[in-house]
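> return a 3D structure for these sequence lines:
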Amino acid sequence: ELDINNLYQKNKYNKSLPEMEKKVKIVNRDESIKLFDPDKNNIGMMAHMRSQLYRMIREFGGELNNNAYLWDNIRLDKDGNWTVNYRNHDGEILGTYKFVNDKLIKLDQNGNKIKEKKITIREE
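A predicted model of the protein is given here:
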């Protein structure tokens with residue numbers, strides 16, 4: 001049995017909690033089904049895109065240490081730009097990679113630009 005009070009005391013100062021509070025939305029089952037869009041959530045397409053984006057990040061910044069970091073889902077905007085955060089195992093953002101206007105940008109945990117590079121997209 002889980003003691004909620006102990007869990008709260010242990011994690012109440014975790015910097016990722018306010019962010020998670022904003023993201024969590026409780027909906028009934030019928031609403032969650034309506035949110036699913038098969039065109040936007042095609043598993044094969046998303047897996048291919050994710051592997052391509054992580055390849056770009058590796059070429060830009062070196063090998064990714066997947067054991068040290070948790071990676072968020074990639075967020076796309078209507079213009080084809082994307083953003084992905086990487087986090088420590090407490091869920092706190094350590095940094096962000098963004099692709100905007102043909103530039104790959106690495107940001108620190110405070111959103112300050114660390115590195116930027118113009119990227120040419122290869123059609124495959």
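> lowest-confidence helix or strand of the chain?
Among the helical and strand segments of the chain, the one scoring lowest on mean pLDDT, DSSP states H and E is helix 29-35, with a mean of 48.
> next helix or strand past it?
Using DSSP states H and E, the helix or strand that directly follows helix 29-35 along the chain is helix 43-61.
> helices or strands up against that following helix?
Helix 43-61 sits against strand 82-87, strand 93-100, strand 103-108, strand 113-118, with contacts defined as 3 or more Cβ pairs under 8 Å, 6 or more residues apart in numbering; DSSP states H and E. C-betas here are computed from N, CA, C, even on glycine.
> next one: the following helix or strand past it to chain centre, how far?
Heading C-terminal from helix 43-61, the first helix or strand you meet, by DSSP H and E, is strand 70-71. On the basis of Cα atoms, centre = their mean, to the nearest Å, strand 70-71 sits 7 Å off its chain's mean C-alpha point.
> tell me which residues of stretch 66-77 come out buried.
By neighbour count, and taking 16 or more other Cβ atoms under 10 Å as the criterion, the buried residues in stretch 66-77 are I74.
> distance between the ends of that stretch?
The straight-line separation of the ends of stretch 66-77 (Cα to Cα, to the nearest Å) is 25 Å.
> do stretch 100-111 as well
By Cα to Cα, the extent of stretch 100-111 from end to end equals 14 Å.
> below-threshold pLDDT in this structure: ranges please.
Across the chain, the ranges flagged by pLDDT under 70 are 1, 24-43, 121-124.
> just give me the residue closest to the centre of it.
The centre of the chain sits closest to D72, judged by Cα atoms, centre = their mean, with a distance of 2.6 Å.
> wait, what's in contact with that residue?
The contact partners of D72, taken as Cβ atoms under 8 Å, 6 or more residues apart in numbering, are V84, N85, Y86, R87.
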